[in-house]
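1. show me how the following folds:
(chains A and B)
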Amino acid sequence: MRMFEPDTIQLFQYNAALWNAHKIHFDYPYATEEEGYPGLVVPGPLMGDWLTQCVLEWLGEDGSLTSISYTNRKYSCLGEALRSEGKVLSVDAKTREVEIKVNILNAADEIVIPGQALARFNKE
Amino acid sequence: MSALLTPELLAHIGREAPPKTELVTRRDIRKYSIATDQRLRKYLDGDEAPPMFHLSLFWDVVERDQLTPDGVWIDTLVPKLPLERAMAGGLKIDYHRAIHPGDVLVATRVLAAMYEKEGAQGPLIFYEIDTEVKTEGGDPVLTEKTTRIMR
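-> Sure thing, here's the model as predicted:
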């Protein structure tokens, strides 16, 4: 499990790295008054990236990520404490592949981003 | 039965965008890694790109008059839709090879699907873009399916 508490600096850096100008991520009056969100919206792909980190930090140098998939089930706004967690679903000793359930959850324990990853270990 | 997606709109399914070629730099990897809270040294130092770095590499760089009023770039692969507020849907990525500084990568994008669903607060249009990223030499790097939702 890992906690994430994004702030305006992180949202700026992330959207600048992507060159993403979607106003729901940085224009508070626009996000709240025009689009009706309770605050600035945490970008979905940023949370998706955290899912990959959940797997990568567990794997270390012992394997590699071969696939990730996720759905943006709920939105999350700045100020919410988020956390990632993962659980191994299956292991195939023959192919050295591991199937992992990964989620981003909010403080209310609701799944914001459900995902699934496949990883392959280098050696048996 | 589609109420919003007319046959004219649906005819765009299968359209391809011209390939885009981009150079991977250590600086861009470092920026992305810091912005996403990476903790592994190889990413923070820019020796290797994190798995979702390609989103930043291939995010369209367009002039400002090509953005919608809410700041979203107008994807010319997708026709003008009757719903205009964009939300992230989901993503599936299959990886074939790691990305490193100095790589020159080529991305091709296809509008793979468009469909509508009834959401809790009204109709939603979903569209799917398939992206294939290869090296200049044609070696597969990754394939990605992105789903976006318009409300």
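
2. alongside chain A, which residues does chain B contribute?
-> Proximity of chain B to chain A (CB under 8 Å from any CB of the partner chain) is limited to residues B:28, B:31-32, B:34-40, B:50-52, B:55-56, B:59-61, B:67, B:70-73, B:85-95, B:98, B:147. For every residue, glycine as well, the C-beta is placed using N, CA and C.

3. what about those, which are in helices?
-> Where those overlap with helices, as defined by DSSP state H, the overlap consists of B:28, B:31, B:32, B:34, B:35, B:55, B:56.

4. share the number of residues neighbouring the fifth one, please.
-> To tie it back to what came earlier, the one meant is residue B:35. The local packing of residue B:35 (other CB atoms under 10 Å in any protein chain shown) involves 22 other residues.

5. all strands of chain B, in order?
-> Counting by DSSP state E, one finds strands in chain B at the ranges B:20-23, B:86-95, B:104-119, B:122-135, B:140-150.

6. which elements pack onto the fourth one?
-> Read it as strand B:122-135. With contacts taken as 3 or more CB pairs under 8 Å, 6 or more residues apart in numbering or on different chains; DSSP states H and E, strand B:122-135 sits against helix B:54-58, strand B:104-119, strand B:140-150.

7. let's see it at 6 Å
-> On a contact count with 3 or more CB pairs under 6 Å, 6 or more residues apart in numbering or on different chains; DSSP states H and E, strand B:122-135 meets strand B:104-119, strand B:140-150.

8. also the shortest one?
-> The criterion is 3+ CB pairs under 6 Å, 6+ apart, and the helices and strands that strand B:20-23 contacts are strand B:104-119.

9. just the ones in helices among the residues of chain B next to chain A now: which is nearest residue B:3?
-> Using CB to CB, the shortest approach to residue B:3 within these belongs to residue B:55, at 32.0 Å.

10. need the contact list for the closest one.
-> For residue B:55, the contacting residues are residue A:45, taking CB atoms under 6 Å, 6 or more residues apart in numbering or on different chains as the criterion.

11. ok, the one 4 residues further on next?
-> Residues near residue B:59 by CB under 6 Å, 6+ apart: A:18, A:19.

12. try it again at 7 Å.
-> Listed by CB atoms under 7 Å, 6 or more residues apart in numbering or on different chains, the contact partners of residue B:59 are A:18, A:19, A:20.

13. equivalent analysis for residue A:92, please.
-> Not one residue lies near residue A:92 by CB under 7 Å, 6+ apart.

14. show me the beta-bridge partners of it.
-> As for beta bridges, residue A:92 partners with residue A:97 under DSSP bridges.

15. measure it to chain B for me?
-> As defined by CB to the nearest CB, to the nearest Å, residue A:92 lies at a distance of 17 Å from chain B.

16. pLDDT score assigned to that residue?
-> Note on residue A:92: pLDDT of 96.

17. show me the contact partners of the lowest-mean-pLDDT helix or strand in chain B.
-> For chain B, the helix or strand with the lowest mean confidence is strand B:86-95, at a mean of 90 (criterion: mean pLDDT, DSSP states H and E). Strand B:86-95 is contacted from outside by A:44-45, A:48, A:65-72, B:51, B:72, B:126, B:142-151, using CB under 7 Å, 6+ apart.

18. picking that back up, can I get the helices and strands packed on strand B:122-135 in JSON lines with mean neighbour count?
-> Output for the helices and strands packed on strand B:122-135, formatted as JSON lines (neighbours: other CB atoms under 10 Å in any protein chain shown):
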{"stretch": "strand B:104-119", "mean neighbour count": "16"}
{"stretch": "strand B:140-150", "mean neighbour count": "18"}
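
19. need the ones you listed in a markdown table with mean pLDDT and distance to residue A:101, can you?
-> Supplementary listing: these in a markdown table, determined by pLDDT from 0 to 100; distance: least, CB to CB, whole Å:
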| stretch | mean pLDDT | distance to residue A:101 |
| --- | --- | --- |
| strand B:104-119 | 96 | 25 |
| strand B:140-150 | 95 | 19 |
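
20. neighbours around residue 14, how many?
-> I went with chain A, as the question did not name one. 24.

21. chain B is the one I meant
-> Look at residue B:14: counted by other CB under 10 Å, it has 10 neighbours.
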